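1. Output the structure for:
(2 chains)
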Amino acid sequence: MQSAISLSLSSPSPIARSGVANTGNACWPMPRSLRFCGLRREAFDSAASFDAASLRFVRLNLQPKHSSLSKVSAVLKGNGAPSSSGFDYDLVIIGAGVGGHGAALHAVEQGLKTAIIEGDVVGGTCVNRGCVPSKALLAVSGRMRELQNEHHMKSFGLQVAAAGYDRQGVADHANNLASKIRSNLTNSLKALGVDILTGVGTILGPQKLKYGKGDSGDKIITAKDIIIATGSVPLVPKGIEVDGKTVITSDHALKLEFVPDWIAIVGSGYIGLEFSDVYTALGCEVTFIEALDQLMPGFDPEIGKLAQRVLINPRKIDSYTGVFASKQDGKPVQIELIDAKTKEPKDTLEVDAALIATGRAPFTKGLGLENINVQTQRGFVPVDERMRVIDANGKLVPHLYCIGDANGKMMLAHAASAQGISVVEQVTGKDHVLNHLSIPAACFTHPEISMVGLTEPQAREKAQKEGFEVSVAKTSFKANTKALAENEGEGMAKLIYRPDNGEILGVHIFGLHAADLIHEASNAIAMGTRIQDIKFAVHAHPTLSEVLDELFKSAKVKVSASSAVAEPVPV
Amino acid sequence: MASLSFSSSVSSSTPFLRPSAFFLKPRSISRLPLVRAKIREIFMPALSSTMTEGKIVSWVKSEGDVLSKGEAVVVVESDKADMDVETFYDGILAAIVVNDGETAPVGAPIGLLAETEDEIAEAKAKAAAQSSSAPSATAPKVEESAPVATKVEAPAPAVAAAPATPGKVVATPYAKKLAKQRKVDINKLVGTGQFGRITPEDVEKAAGITPAPKANVVAPAAPAASAATSAASPAKATTSFPEIPGSNVVPFTTMQAAVSKNMVESLSVPTFRVGYPISTDALDALYEKVKPKGVTMTALLAKAAAMALVQHPVVNATCKDGKSFTYNSSINIAVAVAINGGLITPVLQDADKLDLYLLSQKWKELVEKARAKQLQPQEYSSGTFTLSNLGMFGVDRFDAILPPGQGAIMAVGASKPTVVADKDGFFSVKNKMLVNVTADHRVIYGADLAAFLQTFSKIIENPESLTM
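-> Modelled structure (predicted):
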């Protein structure tokens, strides 16, 4: 045993050390390492005369120069004189959430005169009532979970006295994080010179809109292009009344105003699952109410099953599937369960609180879509694959785009941002279609779940339609050194791919830091990298990323590497 | 690696079954003559000779999954290890009778396997019938706790009177989970929680578990708690122990429960003990020589014991029925090892036939497996003679309890410098260790044991033969 441990420790260290040395040189050239500078000289021959110090100088200067240049160009074209004459702005974005923010940043970089209209607070759902504060709560729940797990602590040789928490302290952490991120976001927009217009934005006609409180003080502006990025609000099914106290949505739950002894969570998707993690860590008991036949719909079935074994079964959670929840009232909260198929009342639950986490509904009211003959579908703004808005006659509305939750393509903050960037690319004359299958998604439970691309059933269905073969490879966190060092061997990664050409169709991970690990796979899908090529990429040892390394290596692809993976670099 | 071949030569005397021997016996469906359906019961397998019940760690497959022969279906925790259990038949897992985290006695059905989809419904009906009758049949402990449950039945109307719960049992998710695990009928409980809810504490009380003591337990609560504990535990003697306030009750793990059971069982065997001092100078010298080659003292002692047993087969024999000798064909030396909070006896099979180096290598593998809870049944329950060594702690002599199913156990003390007078009257200092053998007097008599010890001591004092 002893010898085995010392071996595995000593072998990777030279690799790691050389890796560090390399990157260190790339960022901060040190006079000591002239050998590497020599290499650099070969790369840029004009820089041959530079010594290490001057090289650094140039590189550092480059950044500010570049951005001030783009600012200047923006000022030249825009600011009172937008690029296309006759418009107040090149681009107006309605909604300053993550989608609108991403689009605005990219638009300024592309030299567009940009304004963003926000009727509430900058940051939207993600920053104020979604991803951001929930991550703060989940950070707390992760630590609580660890500290409460005596067995886990013991296996490290640690002793911890009973862990407790202060509800207000936890709530403050979430709230502080949200305001910090919100001010960062606001500052970044201001720093770039984006005009933040306060009020509700309404489209009046083609390339024309107004903003304000909806009274006579409203201002009318024109823009060459308009992006709708109004996002979504929690979806509350019919028959449920939210009172914000005992019957709540994620908006209220994130404020953590009280921690009930027993809470029913209606819906077992991402939101419900994350909240179950938070609540059970804080000592609540949870009852899931899911309308579909199984918990965690939408996840790859195999991953869902494993996740259920780890995230639900051993915790203080029970569940009802195939039932709708309706009619909550009183204290305790009484929930009537209605069979999803027969619509017959099935059971009644009495709990201390109910969290409605049945999904999100688009927030598109008051946008003035009727002025341009656009009809929403279940509230969503219909768009084509380039996010161009489609009107009631099925025709594209020129110069109008819709991104993010409002179009319902993929209700994720980073998807909205990616769609926004894609739109800016188009309006600046570069055709761009976003590959939604390359957008990763993550659920931040303990451990995390992440995915990109198709689930296994989806891939098999597609394969049958298009006539190709599908294979699946799996690896376990149990075999990963880093995971075992953390005593977190529970988990698996799953790769769905085409054995004939090595295309990655989907990757699903359940395990420690899965949300961070998915990007190797999502980048590969975005870049079109095939398994036969990516499997030669090197991963530092011992890291969790080796789970994916092993996953790619275990895939059986019938073609060999397409070409030399990269230009050989002499060392 | 060569040692792997030995694991295949499982001694014929071993009574347990392989983990894959997932006994699926076809049920005779005589009552339904029209349907030639084949529903097989999946039984809790016996993973070791001492295993009487097993805990389902988790079902690898779920209801409705198609199984093929040889696939792992369920993970079972026996008293010694977690083990994947595989199926011998193709089919569909129609119903799970015993769920994750629950325990079932060996041989009890834990699931049903249908051959075709048509039989799933029928299998499910059967499963329902089984699980409803299961609690009383499979868990004798429940009956002990029943008085507690029935006793509180009387105030039930009080619950009905509460306006919030009109004739309805409301139990929290964790309370329900606990009740299932502890086989407590939740309908018979009266909730003490808010709105008359049944809380996890109510279930624990009904199951006779003392809730984990909180920092400041009030003194009056203690007698009540002890009464609850004694009501549930079958042992009669425990009732008289006075409760010391602030004490912490930690239930046995499966392994600890198995040890406890074996120890109590050992009381039915008439044992006696014979001690013997042995000079170890030569052995120590040999050990220094072979130590760099990976040989451990355990391997040396096991090898020496095995060689002595070859000459004294009666010490390797067992008395199974009190009427006969069972002479074992192989010499399998079990060696007691303490592992986190438990005790396990990995077995060096055919220790007489393996050379010292292979034996040491085998031992190392066994210890690693034991730590990882991955020992296969034949690797811990096929012993014919046990070795227990506390010498490394400086213990000079001790007395071992004979494990059920074996004839003798050897307790080895530390080797210590001792002044010795030889037959010519010369004094010298020699290293001596005391070994003490406990044996079953029904088959092994004093002279047998003495002769065996003499042989053993000769081998230790002239250890060259060990390396051959």
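
2. Show me the shaky parts of the chain.
-> In the absence of a named chain, this looks at chain A. Scanning chain A with the threshold set as pLDDT under 70 gives A:1-85, A:562-571.

3. oops, chain B please
-> Within chain B, the segments meeting pLDDT under 70 span B:1-37, B:48-50, B:78-82, B:128-168, B:210-243.

4. Kindly recompute the last result at 50.
-> Where chain B drops to pLDDT under 50, the residues are B:1-36, B:133-166, B:213-238.

5. The residue of it most remote from its centre and residue B:204: what is the separation?
-> Residue farthest from the centre of chain B, counting by C-alpha atoms, centre = their mean, is residue B:424 at 52.4 Å. Taking C-beta to C-beta, to the nearest Å as the measure, residue B:424 falls 72 Å from residue B:204. Yep, even glycine has a C-beta here, placed from its N, CA and C like the rest.

6. what secondary structure does the residue farthest from the centre of chain B sit in?
-> Secondary structure assignment for residue B:424 (DSSP: H, G, I helix; E, B strand; the rest coil): coil.

7. ok, which residues in the stretch 301-450 of chain B are in contact with chain A?
-> Within the stretch 301-450 of chain B, the positions near chain A by C-beta under 8 Å from any C-beta of the partner chain are residue B:368.

8. How about the stretch 301-450 of chain B: which residue is closest to chain A?
-> residue B:368 (7.0 Å; C-beta to the nearest C-beta).

9. Then that residue would be within a helix, right?
-> Yes. Residue B:368: assigned to a helix according to three-state DSSP.

10. partners of residue A:321 in the sheet?
-> Counting by DSSP bridges, residue A:321 is bridged to residue A:290.

11. I figured it hits residue A:295, correct?
-> Yes. In this structure, residue A:321 is within contact of residue A:295 by C-beta atoms under 8 Å, at 6.3 Å.

12. residues in contact with residue A:226?
-> Going by C-beta atoms under 8 Å, 6 or more residues apart in numbering or on different chains, residue A:226 touches A:91-94, A:203, A:207, A:209, A:399-401.

13. Just those residues: which are in strands?
-> If you go by DSSP state E, these have A:91-94, A:203, A:209, A:399-401 in strands.

14. Up against chain B, what does chain A have?
-> Counting by C-beta under 8 Å from any C-beta, chain A comes close to chain B at A:1, A:162, A:261-262, A:285-287, A:305, A:309, A:313-314, A:316-318, A:332, A:348, A:350, A:352.

15. Give me the neighbour count for the residue of the stretch 301-450 of chain B closest to chain A.
-> Residues within reach of residue B:368, counting by other C-beta atoms under 10 Å in any protein chain shown, total 13.

16. Residue A:421 - nearest residue in space that isn't next to it in sequence?
-> Nearest residue to residue A:421, sequence neighbours excluded (C-beta to C-beta, 6 or more residues apart in numbering or on different chains): residue A:106, at 4.6 Å.

17. Does the one you found belong to a helix, a strand or coil?
-> At residue A:106 the chain is in helix, as set by three-state DSSP.

18. quick one: it from chain B, how far?
-> Using C-beta to the nearest C-beta, to the nearest Å, residue A:106 is found at 46 Å from chain B.

19. Test my guess that that residue contacts residue A:424.
-> Yes. The criterion here is C-beta under 8 Å, and residue A:106 meets it with residue A:424 at 4.5 Å.

20. Settle it for me: which of the two has more neighbours?
-> Shown here are residue A:106 and residue A:424; by other C-beta under 10 Å, residue A:424 has more neighbours (28 against 20).

21. who's in contact with that one?
-> Residues counted as contacts of residue A:424 (C-beta under 8 Å, 6+ apart) are A:91, A:103, A:106-107, A:110, A:112.

22. Correct me if wrong, but it is in a strand.
-> No. Applying three-state DSSP, one finds residue A:424 to be helix, outside a strand.

23. With chain B as the reference, measure out to it.
-> To chain B, residue A:424 is 47 Å away according to C-beta to the nearest C-beta.
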